[in-house]
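Trainee: Here you go, sequence then predicted model.
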Amino acid sequence: MKLIDSIVAEAASIAQIRKDIHAHPELCFEEVRTADLVAAKLTEWGIPIHRGLGTTGVVGIVHGKDGGASGLAVGLRADIDALPMQESNTFDHASRHAGKMHACGHDGHTAMLLAAAKHFSKFRDFDGTVYLIFQPAEEGGGGAREMIKDGLFEKFPMQAVFGMHNWPGMAAGNMAVSSGPVMASSNDFKITITGKGGHGAMPHMGNDPVPIACQIVTAFQTIITRNKKPLDTGVISVTMIHGGEANNVIPDRVELQGTVRTFNTEVLDLIEARMRQVAEGCCAMNNAKCDFHFNRNYPATVNSAPEAAFARQVMVDILGEDRVKAQEPTMGAEDFSFMLQAKPGAYCFIANGEGDHRAIGHGGGPCTLHNPSYDFNDDLIPLGATYWVELATKWLAQAKK
Ligand SMILES: [Zn+2]
Ligand SMILES: [Zn+2]
C-alpha cells in the first residue's frame, strides 16, 4: 500500500480530531460546533474558507502552484452530520449528546478530508484548485441539494466532484468503485383511505377501510413483479399501517406509509403512476376516498463512467488490483446524488473492516452503519486521505493535457 508519508505522520493527530467530532455529534443543519472546528483547522493551516452554504456548510479553497490560474478545479466532499440515535459504546470518545450519534462515520469522512487538507496546505503540489466541501445534513436533510441551491457550483466552478463513504463488513485496506448507479433513489409515500367507521359486529352499516388497505398493500407487490421489467431494480416497502383503536370498532380511516427505491427515473415514474392507480382504483372499487401523496427525496447516485474509471485507477495505484473491488450497488440512498446530477464524478466506498477496531467496552451487535455500537475505524485515515490527495492531484494533471 503506497500511503503518503506526511499523511501517515499526521494520522494520530487527525484521529484525535475524529474522536472529538465523534464525542460531539450534531444533527442536520445544526452542525455549528463541527463546522467551527473544520473552519478553525483549515484557517490554522492557511486555507481560505467560505461558510454558510446549506446553513452550516464549509468550503475550503486550496490553490495549487499556479495560484489556480489554470481555471481547472475539482471538488472533494465529506458529510459532517450525525444521527438522532442513542450510542451504546462506552469508550472515552462516545457521544456526550444524549440521543445523537455519529453512527454513519461522517466524523471519519470529515477527518479524512481534513487530513488531505493539511497535506495540500503544506505541499500544494498541483496546478489548479481543490475545493474541500464539508457538507451538512446528509441524513435526510438533503444538505447537498441545499449547498447547490446556495450556489456551490457557481461560486466554486469545478469540472468534477468526488465523494466517499466508509463501508463496514469489507476488510480494511480495500476500496470499491463502479460506474453507473451505485445507490438508489429514495422516495416516500403516504396514503389515507377514508371509509366509514362503525360497530365491529355490523360491518354492513359502515365502509371498512382495513380490507381496502390490505388489498392495496398486496396489489403493490404486483407492480414490482408484473409491471416493471424484471431486469429493472425497484423496491416498494409499506412500512407503516395505522388504523383503529378498539377491537370492536371499525375505524373511519387507515393510513399507509412507506418507501420506494429505484436506480432510475423511468422506473420511478412507472412505479409512482401505478401505485396511484392501484390505490385510487382499490378505493374507488370499494367506494372509499383515497388521498395519495408521493414525495421524491434523493435521486439515485450515478457515477459517470470516465470519472469512476479514473478513481478506480487511482485506487489501483495506491492499493494494487487485488484490493480494488467492484462496488456492489445498494438500495440505500445518498444525497451526493444531487452533486452527481450537476457534475461528473464518482462516489466510492472505503472498507471500514469487520469491527475488530472497536475498543473493548463497545456495545453488542455488528458494526454496521446506523448501529448503536458502530465506530469509524481510524486506521482508514491515512488511506482515505492518500486517496483524496492522489485523486485530486492526478485528476488536475490529466485535465490540463
Ligand atoms: Zn447514514
Ligand atoms: Zn453516511
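Mentor: Arrived safely. Ligands and ions are numbered 1, 2, ... in the order given.

Trainee: Return the distance of the most centrally placed residue in the chain relative to Asp107.
Mentor: The residue lying closest to the centre of the chain (Cα atoms, centre = their mean) is Glu334, at 3.0 Å. According to Cβ to Cβ, to the nearest Å, Glu334 and Asp107 sit 17 Å apart. In short, each C-beta sits where N, CA and C put it, glycine included.

Trainee: What of Asp269?
Mentor: Using Cβ to Cβ, Asp269 is found at 37 Å from Asp107.

Trainee: Show me which of the two is the more surrounded one.
Mentor: Between Asp269 and Asp107, Asp107 has the larger neighbour count (other Cβ atoms under 10 Å), namely 30 against 11.

Trainee: sec struct for the more buried one, please.
Mentor: Here Asp107 is helix, with the state taken from DSSP: H, G, I helix; E, B strand; the rest coil.

Trainee: residues touching it, list them.
Mentor: 18, 21-22, 25, 82, 376 (Cβ atoms under 8 Å, 6 or more residues apart in numbering).

Trainee: Kindly recompute the last result at 6 Å.
Mentor: Contact analysis of Asp107 by Cβ atoms under 6 Å, 6 or more residues apart in numbering lists 18, 21-22, 376.

Trainee: try Lys325
Mentor: Counting by Cβ under 6 Å, 6+ apart, Lys325 touches 174, 176.

Trainee: Kindly provide the distance from it to His24.
Mentor: Distance, Lys325 to His24, using Cβ to Cβ: 33 Å.

Trainee: Now do the buried residues in stretch 292-305.
Mentor: Across stretch 292-305, burial judged by 16 or more other Cβ atoms under 10 Å covers 292, 294, 298-304.

Trainee: cool, and stretch 20-37?
Mentor: In terms of neighbour count (16+ other Cβ under 10 Å), stretch 20-37 has its buried residues at 21-31, 34-35, 37.

Trainee: Among the contacts of Asp107, which lie within helices?
Mentor: When the contacts of Asp107 are checked against helices (DSSP state H), the matches are 18, 21-22.

Trainee: I'd say Thr129 and Lys65 touch.
Mentor: No - with contacts counted by Cβ atoms under 6 Å, Thr129 stays clear of Lys65, the gap being 11.2 Å.

Trainee: Who has more neighbours out of these two?
Mentor: Neighbour count, other Cβ under 10 Å: between Thr129 and Lys65, Thr129 has more, with 24 against 13.

Trainee: who's that one bridged to?
Mentor: Applying DSSP bridges to Thr129 yields these beta-bridge partners: His63, Ala73.

Trainee: Show me where the stretch 251-400 of the chain has its strands.
Mentor: Here the stretch 251-400 of the chain has its strands, by DSSP state E, counting those that start in this stretch, at 253-262, 289-298, 301-303, 324-325, 345-353.

Trainee: hmm, back to that, need the max-distance pair from the buried residues of stretch 20-37.
Mentor: Largest separation among the buried residues of stretch 20-37 by Cβ to Cβ: Ala23 and Phe29, giving 20.2 Å.

Trainee: before we move on, back to that, which two in the buried residues of stretch 292-305 are spaced the farthest apart?
Mentor: Phe292 and Ser304 (34.6 Å).

Trainee: a markdown table please, covering the contacts of Asp107 and showing pLDDT and distance to Glu280.
Mentor: Compiled in a markdown table, the contacts of Asp107 are given as follows (pLDDT from 0 to 100; distance: Cβ to Cβ, whole Å):
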| residue | pLDDT | distance to Glu280 |
| --- | --- | --- |
| Arg18 | 98 | 50 |
| Ile21 | 98 | 48 |
| His22 | 98 | 47 |
| Phe376 | 96 | 46 |
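
Trainee: Now the two most distant members of those.
Mentor: Farthest pair in the contacts of Asp107 (Cβ to Cβ) is Ile21 and Phe376. Separation: 9.4 Å.

Trainee: Would you mind giving the domain segments of the chain?
Mentor: For the chain, automatic domain parsing gives the domain ranges 5-184+300-400, 186-298.

Trainee: Please work out which of the ones you listed is packed deepest.
Mentor: domain 5-184+300-400 (a mean of 20; mean count of other Cβ atoms under 10 Å).

Trainee: Can you give the distance from that one to the centre of its chain?
Mentor: On the basis of Cα atoms, centre = their mean, to the nearest Å, domain 5-184+300-400 sits 11 Å off its chain's mean C-alpha point.

Trainee: start to end distance for that domain?
Mentor: 26 Å (Cα to Cα, to the nearest Å).

Trainee: swap in stretch 328-345?
Mentor: Terminal residues of stretch 328-345 are spaced 17 Å apart (Cα to Cα).

Trainee: so how far is Tyr347 from Trp167?
Mentor: Distance, Trp167 to Tyr347, using Cβ to Cβ: 11 Å.

Trainee: same question, Ser179
Mentor: Noted for Ser179: a distance of 11 Å to Tyr347, by Cβ to Cβ.

Trainee: Also Met202?
Mentor: On the measure of Cβ to Cβ, Met202 and Tyr347 end up 57 Å apart.

Trainee: about what we covered before: which single one of the ones in helices among the contacts of Asp107 is nearest to Ile61?
Mentor: Using Cβ to Cβ, Ile21 comes nearest to Ile61 of the ones in helices among the contacts of Asp107, at 21.7 Å.

Trainee: What residues does the closest one make contact with?
Mentor: Taking Cβ under 6 Å, 6+ apart, we find Ile21 in contact with 34, 107, 110.

Trainee: for Val267, same thing?
Mentor: 228, 232, 234.

Trainee: Tell me what the last one is bridged to.
Mentor: When bridges are taken as DSSP bridges, the partners of Gly234 come out as Thr262.

Trainee: and it, what is it in contact with?
Mentor: By Cβ under 6 Å, 6+ apart, the contact set of Gly234 is 224, 228, 262, 267, 271.

Trainee: Same check on Gln257?
Mentor: 190, 240.

Trainee: And it, how close does it get to Lys289?
Mentor: 17 Å.

Trainee: so where is the chain shaky, pLDDT-wise?
Mentor: 360-366 (pLDDT under 70).
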